[in-house]
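Engineer: heads up, no residue letters with this:
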């Protein structure tokens, strides 16, 4: 088991920046994929960005060039740097860690952090 705690959300004006953090209760080095997802009111949860254990990254088209995902194994933390924020980025952002063991996948979620982009 692992507990995830997100932080760094808040209210920001369009064009502003925020950095989200996801702190894990144990080492993240063994997790295969770490990612950020978001859910806006009335919409389904969607992928924002992922990073693998070897550092490969993947981004939703809507955030490419603006968001950067990174990880710090020493701090057991995954980050999401968000720049040039737009009102459509407003959502609850969730951290996710996935561990693949044989044919089994274990997925862990944080409680979410609210990001509101508004003037």
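Structural biologist: Received it, and whenever you're ready, just let me know what you need. Predicted model, so just to flag it, every value in this text is computed and none were measured.
Engineer: use CA for all of it now, contacts and neighbours both
Structural biologist: Fine.
Engineer: can you check which strand is longest in the protein?
Structural biologist: Taking DSSP state E as the criterion, the chain has its longest strand at strand 91-101.
Engineer: for whichever helix or strand comes after that strand, packing partners?
Structural biologist: Note on strand 91-101: by DSSP states H and E, the next helix or strand toward the C-terminus is strand 104-109. With contacts taken as 3 or more C-alpha pairs under 8 Å, 6 or more residues apart in numbering; DSSP states H and E, strand 104-109 sits against strand 91-101.
Engineer: now the strand it packs on: how far from the chain's centre is it?
Structural biologist: In terms of C-alpha atoms, centre = their mean, to the nearest Å, the centre of strand 91-101 is found 7 Å from the chain centre.
Engineer: center of the chain - which residue?
Structural biologist: The residue lying closest to the centre of the chain (C-alpha atoms, centre = their mean) is residue 36, at 2.3 Å.
Engineer: make sure residue 74 is indeed in a strand.
Structural biologist: No: counting by DSSP: H, G, I helix; E, B strand; the rest coil, residue 74 is not part of a strand but helix.
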